[in-house]
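> Got a predicted structure here, sequence first:
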Amino acid sequence: MSDSTANGPVLAADGTPLKRSLAKALRREKTRALLLIAPLLIFVLISFIFPIGKMLLRSVENDIVADTIPLTVVALAKWDASSGELPSEDVYAAMAADMVVAVAAKAHTRLGSRLNYETTGMSSLFRKSGREIKKWDLATDAPFKEKFLELHDGWGELEVWQTIQTHSARTTPGYFLNAIDMQLTSDGPAAQPESKQILITLFKRTMIMSMIITISCILLAYPVAWILANLPARKANLLMILVLLPFWTSLLVRTSAWKVMLQQQGVINDILVWLGLVGDADRLVMINNQTGTIIAMTHILLPFMILPMYAVMQTIQPTYLRAAKSLGATNWTAFWRVYFPQSVPGIGAGSILVFILSIGYYITPEIVGGTKGVFISNRIAYHISSSLNWGLAAALGAILLVLVLLLYWAYDKIVGIDNVKLG
Amino acid sequence: MADSGNTDAFVEFERVQKSYDGEILVVKDLNLSMPKGEFLTMLGPSGSGKTTCLMMLAGFETATHGEIRLDGVSINNIPPHKRGIGMVFQNYALFPHMTIAENLSFPLEVRKIGKSDREEKVMRALDMVEMGAFGGRRPSQLSGGQQQRVALARALVFEPELVLMDEPLGALDKQLREKMQFEITHLAHELGITTVYVTHDQTEALTMSDRVAVFDDGRIQQLAPPDQLYEEPENSFVAQFIGENNTLDGVVKEIAGARAVVQLDSGDLIDCKPINVSKVGERTQVSIRPERVEFNKDRLQEGTHRLQAEVLEFIYMGDIFRTRLRVAGRDDFVVKTRNAPDQVRLQPGEQIEIGWLPEDCRALDA
């Protein structure tokens, strides 16, 4: 073009580079667009992104030890944990000084609970000691080693000091290790005692059961979506209301209804007994276990599978099947080679939706899952609201998030995310 | 089974009826027989039953009554995939998730033809429609005309003896359509396949077919070669539907063999050929093609009736002139004349006399 010189950028009519004048022209539009989405953007940032980021940070954050007993942490750094000897007097003195301050601020119990996640007994050790240490006079009561040993046997245990030393850093991989059934010891990462190993099992169970739920949703939804897509619009709309009906009912109500249906004295068992298919003495156990969770969640998540499948199937013209048959394909071949491949994007979209929704599901497993049918999310809820181990809850949440992203990535690689259609 | 129909018939419809709702017959008493190698077009307005007939032949609809025979064998109860009929669909119906070569390979695969054989046949079929270089592409990467060719190749690749086409050129632009019309007829005759072609475009029907079946109201109104259909329509529907046509209403005054005199509602008398009128006093609609109307005084035949006309409009269309006249009280009477050096260009307002050869003017049903 005549406008572009051999060694310079293309210029606009007034001599400014074309790119810059174009950017200037577009800036107004961009600003307008940005202003339009600003309310939502700010809302999402404040109420969603920021809290989640903050929460995830808790999974590695460990300021409490270094903040509550700073002198002890410094003094303890020189101690060789593997020597088999208790720390020297200066560590005990530093601890005494720290504790006096901490007790005054009532921070010692919080530290105790924090360390209790790692070693049981720490909480009561700090709580009980606090009451006595309050009365100590730092200037006159030295040496403190004997006083501490006298106060509580715990202060004479190597494990207590090892725990404090191991967890004195301001950031810790401890919560993540805990999340995968390991712990941080003075010798580095090690497996949890078997009695405390539960999380890996829960992760596996969550994954496997989500997969079973997804597959049963596919199997149940496919024929329904097919019928919906092939019916005349009026009838399809009527049936669609039935599909959407569950959406308009409270999740809690639906889950509780399943409890009524599935329990041993419930509707289904009563009918089976009445029909004579099952003896009165051995009624089926279908609730408070994995079966209950799978049945209830399949039902609840089914619309999320039907809707994307229906949307995709609606776009597949019936002439494709006719064409296949006219070319000599049997009904089955025509379906399998021509219709099914075109409906895969719908299956993909539905599966991603259902799978991701189900691995984070909480209410339904909580109500109908018993102990065998609960998910990792129930454990996270437990740590958030009961054990108050927010660090571990955050670590579990982070792992769940990474798993979802990983699956999404894998799906993109295998099927291609642009193959996912919602309509 | 005693075959009542024509013994060389390849495709035969015998007293076929079709109803979707049990109340209205979409196809009423259809009888049709086609010899092998014929290119037959089913032409008609939408809702005339032509597509239903095609679908019954393909096996996607079942006949409510009557029998459809292919090569002497009744196919009423044979499912579509066993009929071995090639079909080209209106929107091509190329499988979007397969490449062009896979699309063509599909009918061969379901027939369990070996791989090397398959590849050879696919290549040959693609070359036949000049699409040999496109085997690896997906349908969405092709233009409408290219997709059309592929659809044709796919319908032919398994060498069916009968090919059905359901308005296959409907989505193409005019130029491409004309090119494809020529190519399809050429290919069909070259390969000797019997073709049933459905369209609502009369030009397409006239230019492509050996015979045209004009459908209306669930019946074949006329089944004839294109020239006969155009020049000798058997009823007023066909006359109206095929080509441009002038109609005048009147009553038969006298009939003498191949000649009749009709008194128009305006009182004027005209000469025409009786087609489906038989007695004096019957109401009739006479039909005359615009290009058969003569107004040059030197060429008007002696001894025939003439009509007075007033020129209303003169339209220059390049190769022809189209002149609208007021004749016998109607102002939609059209005359077409060739743009020749000595051709008269009529001026609006001019009073002229028009006439025609009696055999060009057909007295049809009212």
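Received it, and whenever you're ready, just let me know what you need.
> okay, CA-based contacts and neighbour counts for the rest of this
OK.
> check contacts around residue 19.
Let's take chain A. A:Val10 (C-alpha atoms under 8 Å, 6 or more residues apart in numbering or on different chains).
> You answered for a different chain; I wanted chain B.
B:Ser19 sits next to B:Leu25, B:Val26, B:Val27, B:Thr64 when contact means C-alpha under 8 Å, 6+ apart.
> Run through the bridge partners of it.
Counting by DSSP bridges, B:Ser19 forms beta bridges with B:Leu25.
> and the stretch 201-350 of chain B, which of its residues are near chain A?
Residues of the stretch 201-350 of chain B found near chain A (C-alpha under 8 Å from any C-alpha of the partner chain): none.
> what ranges of the stretch 201-350 of chain B fall below the confidence cut-off?
For the stretch 201-350 of chain B, not a single residue meets the criterion pLDDT under 70.
> same check, this time on the stretch 1-150 of chain B
B:1-7.
> rerun that using 90 as the cut-off
Applying pLDDT under 90 to the stretch 1-150 of chain B picks out residues B:1-9, B:20-24, B:29, B:46-49, B:71-72, B:90-92, B:128-132, B:144-145.
> where does it come near chain A, residue by residue?
Within the stretch 1-150 of chain B, the positions lying close to chain A (C-alpha under 8 Å from any C-alpha) are B:58, B:60, B:80-87, B:89, B:93-97, B:106-107, B:110-111.
> Can you select the buried ones among those residues for me in PyMOL?
Of these, the buried ones go into a single PyMOL selection, burial set by 16 or more other C-alpha atoms under 10 Å in any protein chain shown:
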select buried, chain B and resi 58+60+80+81+83+84+85+86+87+89+93+94+95+96+97+106+107+110
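> Tell me which of the residues of the stretch 1-150 of chain B next to chain A fall in helices.
Judged by DSSP state H, helices contain the following of the residues of the stretch 1-150 of chain B next to chain A: B:Ala58, B:Phe106, B:Pro107.
> With respect to chain A, which of those residues is nearest?
Nearest to chain A, judged by C-alpha to the nearest C-alpha, of those is B:Pro107 at 4.9 Å.
> Can you tell me the closest non-neighbouring residue to that closest one?
Distances taken as C-alpha to C-alpha, 6 or more residues apart in numbering or on different chains place A:Leu327 nearest to B:Pro107, at 4.9 Å, with adjacent residues excluded.
> A:Tyr361: what's it in contact with?
By C-alpha under 8 Å, 6+ apart, the residues touching A:Tyr361 are A:Phe375, A:Ser377.
> hang on, the earlier thing: most neighbours, which of the contacts of B:Ser19?
Per-residue neighbour counts (other C-alpha atoms under 10 Å in any protein chain shown) across these peak at B:Val27, which has 27 neighbours.
> from memory that one sits against B:Gly218, does it?
Yes. In this structure, B:Val27 is within contact of B:Gly218 by C-alpha atoms under 8 Å, at 4.1 Å.
> Between these two, which contacts overlap?
With C-alpha under 8 Å, 6+ apart as the test, B:Val27 and B:Gly218 both reach B:Ser48, B:Gly49.
> of all the ones in helices among the residues of the stretch 1-150 of chain B next to chain A, which comes closest to A:Leu56?
B:Phe106 (53.1 Å; C-alpha to C-alpha).
> Can you give me the separation between the closest one and B:Leu40?
As judged by C-alpha to C-alpha, to the nearest Å, B:Phe106 and B:Leu40 stand 27 Å apart.
> now swap in A:Leu405 and tell me
For A:Leu405, the distance to B:Leu40 - C-alpha to C-alpha - is 60 Å.
> Which of those two has more residues huddled nearby?
The residue with more neighbours, out of A:Leu405 and B:Leu40, is B:Leu40; 24 against 13, by other C-alpha under 10 Å.
> I'd like the distance between the residue of the stretch 51-200 of chain B found nearest chain A and B:Gln90.
Across the stretch 51-200 of chain B, no residue is closer to chain A than B:His81, which sits at 4.1 Å (C-alpha to the nearest C-alpha). Using C-alpha to C-alpha, one gets 19 Å for the distance from B:His81 to B:Gln90.
> and what of A:Lys134?
Here A:Lys134 is placed at a distance of 92 Å from B:Gln90 (C-alpha to C-alpha).
> residues of the helix or strand hosting B:Ile184 that come out buried?
With elements taken from DSSP states H and E, the one containing B:Ile184 is helix B:174-191. Neighbour-count burial for helix B:174-191 flags B:Arg177, B:Glu178, B:Met180, B:Gln181, B:Ile184, B:Thr185, B:Ala188 (criterion: 16+ other C-alpha under 10 Å).
> show me what contacts residue 328?
This is for chain A. By C-alpha under 8 Å, 6+ apart, the contact list for A:Gly328 reads B:Pro80, B:His81, B:Lys82, B:Arg83, B:Gly84, B:Pro107, B:Val110, B:Arg111.
> Chain B was what I was after
B:Ala328 is in contact with B:Leu264, B:Asp265, B:Ser266, B:Asp268, B:Leu307, B:Gln308, B:Ala309, counting by C-alpha under 8 Å, 6+ apart.
> Before I go, just wanted to say thanks for your time.
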